[in-house]
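In: Sharing a model prediction with you, sequence too.
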Amino acid sequence: MALAWRFGASATVDAFRISVLVVLVGQQLFVLLPNVIVPVFAAYRAKRAESEAWEAALSAANLLVVPPAVLALIVFVRPEPVVHLLGPGLDREGARSAVFFVRWFMVACVPLVWSGIIAGVLAAYDIFWLPAASQLLGNMVLVGMIVLFGRDWGGTSLVVGVLIASCASWALFLARLAALMHDVGVRPTGWFSARHPGVGQALRLGLPVLGAVLIGQWTAAVINRVLSHLEVGTLATFGYAWKMGQMVSLFPGALAAVLLPRFAESWHSSREGEFRETCTKALRMALFLALPTTCVFFVLRRPIVMLLFERGEFAAEAGEAVARLFGLLLLGAPGLVAFVYIQKMFYAVQAMWVPFWTQLGVAVLWTVLAPAVAARFAADGVALMCAALTWISCGALLVLLHRMYASLSMKELAVFSAKVGPLAVISASLGGQGANVIQRFSGSGTWSLTVTVAAGVGLASVIFYGVAVRWGFPEALESQRYLHWQRSAMRSRLQSALHR
């Protein structure tokens, strides 16, 4: 939103979308490295050797940070080849800005990688709030730099914001790690033990994870390369739509990160069928959250874009393009959520190479097909291709997981999806009709759009949740019990405070 307000769909934002891929490598490692550390911790805990797990995790952190540091130094000296690889079609102004961005953004990757290892250690102790808090802190810093200095500093405000954000997040993780070590009374004897068996295990598990990150970024690079040959602003509008699409997977994705230790623990459990039961319930909950959210966002995509972006330097024509691309990308959102959950299940059983080979096959398809699709159908075709390949990769992983580990009840999931899917579509349609009625009377101002979107989302949510409770969906009933518990706890705290 801050980018759209200050820079619109300009060549500067095109360059930013190209260059931010190098930061996304660090962010993806930040997200995926806990998938390496948590299974290692679970295995050592099963053997009552927690101090060994700490030594392995910290040693792996110090080893894994070396390659990104070396790569950052190389890119800092010679950023031009990276810019040519990621955005060969940028105009002169965009290419010049991209060189400046890439040089400094690569430096921000190093603290992100280290923070990812720490996040894995914290996740092993059920501490999940810190990644979200660090992300919020980083976003606040970047937004503050854009709002306060974007007009005068231009692209420099983005560079300074990204660097400060990554270093601030790193400091936050280090402080929480030190506090956790003090709380659990762990003092590892080694901080750089390359010969520790746990380090070797972590590195073996981390290799396919690193490969998956690089493949994912190669796919993003292919998309950016083909879009960079289209008219100025196409990369920017596609980037805005892509970010909006992530709103659908935000909460289910956070829940998947929380569930990873549960997947690992149930895999090592002695109770028969526990892993199958845990995975099936988790995937049901993922679909229960993702399907209605996807449908209501699809129905309300135009007023949402107007509310979030259309101000300042952001033109109405760009808003139309973002809304259209957002709708096409949403077609693959439930598949993306399911893919993330199934990927976590493979990581829990330490079968890291299966998601890697699946993503490699998708990357090959992108490399072969994307140039022709972009040349024939422009950005719309690329967005539709994103949705289609997401479902293909999700289906491949689902079949492999079921055949290799029999960890999902496929019939139960099929029946559940057949009930939830139509309910989500009908609820979203009714919510959209209600929002249209309100918009006719309220207009198109910021507050009017806020009321319109809130009313549409609220009506769709009430219909979906009410019917789901009526039909006795376990996910809806569990949510109802949780809300009742939260309300009772809040009432008790309020009464206690008034009593004091």
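Out: Arrived safely.
In: Every contact and neighbour count from this point should use C-alpha atoms.
Out: Noted.
In: Mind telling me what element D152 is part of?
Out: helix 129-153 (DSSP states H and E).
In: Identify each buried residue in that helix, please.
Out: For helix 129-153, a neighbour-count test (16 or more other CA atoms under 10 Å) marks 130-131, 134, 137-138, 141-146, 149-150 as buried.
In: How about stretch 57-67?
Out: Quick answer for stretch 57-67 (16+ other CA under 10 Å): A57, L58, S59, A60, A61, N62, L63, L64, V65.
In: now do stretch 422-442
Out: Within stretch 422-442, the residues that count as buried by 16+ other CA under 10 Å are 423-436, 438-439.
In: Show me how the chain divides into domains.
Out: Residue ranges for the domains of the chain, per automatic domain parsing: 1-228, 230-500.
In: Considering the ones you listed, which stretch scores lowest in mean pLDDT?
Out: Mean pLDDT is lowest for domain 1-228 out of the domains of the chain, coming in at a mean of 79.
In: distance between the ends of it?
Out: Start and end residues of domain 1-228 are separated by 22 Å (CA to CA, to the nearest Å).
In: can you start the count at 38 instead of 1 from here on
Out: All right, first residue 38 from here; so that's domain 38-265.
In: Distance from the chain centre to it, please.
Out: 13 Å (CA atoms, centre = their mean, to the nearest Å).
In: and if you look at stretch 305-320?
Out: Worked out by CA atoms, centre = their mean, stretch 305-320 lies 25 Å from the chain centre.
In: for the stretch 38-187 of the chain, what spans make up the strands?
Out: Along the stretch 38-187 of the chain, no segments are classed as strands by DSSP state E, counting those that start in this stretch.
In: give me the element R339 is part of.
Out: helix 338-346.
In: Tell me if I'm right that E302 and A79 touch.
Out: Yes - between E302 and A79 there is a contact under CA atoms under 8 Å: 6.4 Å.
In: picking up where we left off before, after the helix holding D189 comes which helix or strand?
Out: helix 192-221.
In: That next one - contacts with which helices or strands?
Out: Using 3 or more CA pairs under 8 Å, 6 or more residues apart in numbering; DSSP states H and E, the elements in contact with helix 192-221 are helix 129-142, helix 146-161, helix 166-190.
In: Kindly recompute the last result at 6 Å.
Out: helix 166-190 (3 or more CA pairs under 6 Å, 6 or more residues apart in numbering; DSSP states H and E).
In: tilt between the helix it packs on and helix 146-161?
Out: 150 degrees (axes from the mean of the first three to the mean of the last three CA atoms, to 10 degrees).
In: Could you check the angle helix 166-190 makes with helix 192-221?
Out: Going by the same axes, to 10 degrees, helix 166-190 makes 160 degrees with helix 192-221.
In: Can you list the neighbours in contact with helix 166-190?
Out: Helix 166-190 is touched from outside by S194, G198, A202, S206, with contacts defined as CA atoms under 6 Å, 6 or more residues apart in numbering.
In: mind redoing it with 7 Å?
Out: Outside helix 166-190, the residues that touch it by CA atoms under 7 Å, 6 or more residues apart in numbering are A39, R43, A156, S194, L195, G198, V199, A202, S203, S206.
In: how close does the nearest residue to the second one once chain neighbours are set aside get to G45?
Out: Nearest non-adjacent residue to R43, counting by CA to CA, 6 or more residues apart in numbering: E350, 5.9 Å away. Distance of E350 to G45, given as CA to CA: 5 Å.
In: Alpha carbons only: can I get stretch 291-310 in CSV?
Out: In CSV, the C-alpha atoms belonging to stretch 291-310 read as follows (Å, rounded to 0.1, in the frame of the first residue of the first chain):
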residue,chain,number,x,y,z
ALA,A,291,0.8,-19.5,10.0
LEU,A,292,-1.2,-22.4,11.3
ALA,A,293,0.9,-24.8,9.2
ALA,A,294,4.1,-23.4,10.8
VAL,A,295,2.6,-24.0,14.2
LEU,A,296,1.6,-27.6,13.3
LEU,A,297,5.0,-28.7,12.0
PRO,A,298,6.3,-29.7,15.5
ARG,A,299,3.0,-31.7,15.9
PHE,A,300,3.5,-33.5,12.6
ALA,A,301,7.1,-34.4,13.7
GLU,A,302,6.0,-35.6,17.1
SER,A,303,3.1,-37.6,15.8
TRP,A,304,5.5,-39.3,13.3
HIS,A,305,7.7,-40.4,16.2
SER,A,306,4.7,-41.4,18.3
SER,A,307,4.1,-45.0,19.3
ARG,A,308,0.4,-44.8,18.9
GLU,A,309,-0.7,-46.4,15.6
GLY,A,310,-2.5,-44.1,13.2
